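> A predicted structure for the sequence below; I have some questions about it.
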Number of protein chains: 2
Amino acid sequence: MDLIRRIEAGQGEFLLFALTPPRLATDPAQVREIADVTAARLRPLGLDGLILYDIADEAERNPAERPFPFMPTLDPADYLADHLSTWPTPVIVYRAVGKYTPDELPAWLTAQDPARVMTVLVGAASSTAATRTSLADAQALRLEANAALTLGGVAIPERHSRREDEHLRLLAKQDAGCRFFVTQVVYDLNAAKNFVSDYHYECQSRGVSPVPLVFTFSVCGSMKTLAFLRWLGVDVPRWIENDLRHATDPLEASYHQALTTATELIEFCRTLGVPFGINVESVSIRRVEIEASVRLAGAIRGQLRGS
Amino acid sequence: MDLIRRIEAGQGEFLLFALTPPRLATDPAQVREIADVTAARLRPLGLDGLILYDIADEAERNPAERPFPFMPTLDPADYLADHLSTWPTPVIVYRAVGKYTPDELPAWLTAQDPARVMTVLVGAASSTAATRTSLADAQALRLEANAALTLGGVAIPERHSRREDEHLRLLAKQDAGCRFFVTQVVYDLNAAKNFVSDYHYECQSRGVSPVPLVFTFSVCGSMKTLAFLRWLGVDVPRWIENDLRHATDPLEASYHQALTTATELIEFCRTLGVPFGINVESVSIRRVEIEASVRLAGAIRGQLRGS
């Protein structure tokens, strides 16, 4: 069964891979080449789907200096339409809704083929950010423009650690039409387990079917990348930071940590009976990091049922 | 090699079992019977050592009501001398030093055989507690009275979560003579890993050999016991609480959680090269809980090297 039907049926055990589109300043011929190389690299993985991120500056997120400068990227919808039209699986296109006017979103939503595209609508990174369209408005626009287009949302286990209500937010988003959720990168297994557990028991007590939770993993090749993850709001446990700081090969250490964490989370979700997917994210432009991400996806593929 | 030599040599992979002495009000004949039954139950485990706790009220610890009433118990030193003298392994006797006058401690310390007994000196549970002897004074008394008596201390990963300095406290206690550390019950694996990791890298950077860290596990058969653990300052993750609350057999669920956590922590310590021991604590008077603790110790025994 293809990814969209599986998600609509509430079934998990699928594998996604997430990319950021090339930088806006990239030469068009080079964009073509990047897309071709990427597709060739990912095809052998037998992915169930691809995610294209929509990058926002998010400078409002955090008063601290951004460890990496913000580089605008191509619009993920354009990148898909122009360069990945022959990609064989469904594609999940993120929309950072605050970037778009209420006129821009419906046009794109209407044009999408619900048998091939899904979307994750992402609200502003902070409550003080200037937003052109709110998440609630964008959700309503999706319903009007293209109700058949499968909708996902973001889930943030770290927010659950602080407020203990992320499972309730998810259930509210389910009411607004979300059929799956994708987390930000998971480093804190305990936070992820707390979040899954609370979601599971809340669904159970309400008699609601859980939708697939997609957990994102990545490799982290340097302390600077780790600093950036923290800037983005990811909780990285001290022992993981220590291991990376002292490893002779931080990228390899990170690969093993991510694989171990994914394995434990898969086991945990299966035990509870919560449908889940795994998303491996590759946002680096360093070749060794991209290759390690592909290797991570391959290793996780082998652990998923029906793979 | 026996436990005391192993600890003095900084070697881990040993198994301990911790008991509270019977209640002070117990009929002497019944105390004899309890000791005999306990020894018979524990002998087949092939333990490397036994721990006898010294129970204090600790009402100052927490303004919230104690979930179980405080019941004074026999003095662990008396219990050992009077009823467990034929127990075959070394015994670690806890001393809640705040309970004793500076005259009482040296007499006991002097009388101990360093080839058979070790002691863990425990300071007050809160800085406002009325104490007859401070931890620092007790450590000094040990050095004067019986310097050959192997000394241990307590380690609290939860304190590390809040203050991030537990590894430094341990190193200061090592300077004061401690040759091993015993944690309170571990439910939060992440906190334990953070603590071990920081301790490991701090030892490395100072060129100090790590001493064995003994991690304590127990089974928890009811939500009331869980509430008591929290009252004692143990961090119990939400997902563990949820699992226990919804389990048809909480004791069995708790057994599996403890075994899984112990297994992961063993693997983590081995990877870092930190010497470790495992302590299974049985403080319940319910027979099913005692039996589950013994079963847990047996299962962990099989995972330790040289067992």
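Structure's in. What do you need?
> quick check: residues of chain A near chain B?
Taking Cβ under 8 Å from any Cβ of the partner chain as the criterion, chain A approaches chain B at residues A:164, A:188-190, A:193-194, A:196-198, A:200-201, A:237-239, A:242-243, A:246, A:268. From N, CA and C alone the C-beta is placed, and that goes for glycine too.
> so of those, which ones are in strands?
When the residues of chain A next to chain B are checked against strands using DSSP state E, none is located there.
> what residues are up against the closest residue to A:Leu189 other than its chain neighbours?
Computed as Cβ to Cβ, 6 or more residues apart in numbering or on different chains, the closest residue to A:Leu189 that is not its neighbour in sequence is A:Thr261, at 5.0 Å. Taking Cβ atoms under 8 Å, 6 or more residues apart in numbering or on different chains as the criterion, A:Thr261 is in contact with A:186-187, A:189, A:217.
> at 7 Å what do you get?
Contacts of A:Thr261 were listed using Cβ atoms under 7 Å, 6 or more residues apart in numbering or on different chains, and they are A:186, A:189, A:217.
> ditto for A:Leu232
Remark: with contacts taken as Cβ under 7 Å, 6+ apart, A:Leu232 is in contact with A:Gln184.
> A:Leu84 versus that one, what's the distance?
In this structure, A:Leu232 and A:Leu84 are separated by 25 Å, where distance is defined by Cβ to Cβ, to the nearest Å.
> what residues of stretch A:235-243 count as buried?
Across stretch A:235-243, burial judged by 16 or more other Cβ atoms under 10 Å in any protein chain shown covers A:235-243.
> which ones among these lie within helices?
A:238-243 (DSSP state H).
> how about those residues in JSON lines, adding pLDDT?
Below are these laid out as JSON lines (pLDDT from 0 to 100):
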{"residue": "A:Arg238", "pLDDT": "94"}
{"residue": "A:Trp239", "pLDDT": "95"}
{"residue": "A:Ile240", "pLDDT": "94"}
{"residue": "A:Glu241", "pLDDT": "95"}
{"residue": "A:Asn242", "pLDDT": "96"}
{"residue": "A:Asp243", "pLDDT": "94"}
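> rewinding a little: quick one: the helix or strand where the residue nearest to A:Leu189 lies to helix B:250-272, angle?
Counting by DSSP states H and E, the element that carries A:Thr261 is helix A:250-272. Here helix A:250-272 points in a direction 170 degrees away from that of helix B:250-272 (axes from the mean of the first three to the mean of the last three Cα atoms, to 10 degrees).
> off-centre distance for helix A:250-272?
Mean C-alpha position of helix A:250-272 versus that of the full chain (Cα atoms, centre = their mean, to the nearest Å) differs by 16 Å.
> ok, then the element right after that helix?
Helix A:250-272 is succeeded, C-terminally, by strand A:276-282 (DSSP H and E).
> now tell me what touches the helix or strand just after that next one from outside.
Helices and strands here follow DSSP H and E; after strand A:276-282, the next one along the chain is helix A:287-301. Contact partners of helix A:287-301, identified using Cβ under 7 Å, 6+ apart, comprise A:15, A:17, A:41, A:45-46, A:217-219, A:221, A:251, A:255, A:258-259, A:262, A:278, A:280, A:282, A:284, A:307.
> run a quick neighbour tally on A:Asp82.
Counted by other Cβ atoms under 10 Å in any protein chain shown, the residues lying close to A:Asp82 total 14.
> and it, how far from A:Leu19?
Spatial separation of A:Asp82 from A:Leu19 under the definition Cβ to Cβ is 14 Å.
> what do you get for A:Ile34?
To A:Leu19, A:Ile34 is 10 Å away according to Cβ to Cβ.
> which one of the residues in the stretch 51-200 of chain A is closest to chain B?
With distances taken as Cβ to the nearest Cβ, the stretch 51-200 of chain A approaches chain B most closely at A:Ser197, which sits 3.6 Å away.
> ah, wrong one, I meant the stretch 1-150 of chain A
A:Gly12 (18.1 Å).
> secondary structure class for that residue?
When the structure is reduced to helix, strand and coil (DSSP: H, G, I helix; E, B strand; the rest coil), A:Gly12 reads as coil.
> what segments of chain A are helices?
In order along the chain, chain A carries the following helices (DSSP H): A:3-8, A:28-42, A:76-83, A:104-111, A:135-146, A:157-163, A:166-175, A:189-206, A:223-231, A:238-246, A:250-272, A:287-301.
> please name whichever of these is nearest to B:Thr225.
Between B:Thr225 and the helices of chain A, the tightest spacing by Cβ to Cβ is seen for helix A:189-206, at 19.3 Å.
> so which bits of that closest one are buried?
So, applying 16+ other Cβ under 10 Å, buried residues of helix A:189-206: A:189-203.
> that helix - contacts with which helices or strands?
Contacting helix A:189-206 under the criterion 3 or more Cβ pairs under 7 Å, 6 or more residues apart in numbering or on different chains; DSSP states H and E are the following elements: helix A:157-163, helix A:166-175, helix A:250-272, helix B:189-206, helix B:238-246.
> again, only this time at 6 Å
Secondary structure elements in contact with helix A:189-206, counted by 3 or more Cβ pairs under 6 Å, 6 or more residues apart in numbering or on different chains; DSSP states H and E, are helix A:157-163, helix A:166-175, helix A:250-272, helix B:238-246.
> redo these as TSV? Include distance to B:Leu272.
Supplementary listing: those in TSV, determined by distance: least, Cβ to Cβ, whole Å:
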stretch	distance to B:Leu272
helix A:157-163	25
helix A:166-175	32
helix A:250-272	12
helix B:238-246	24
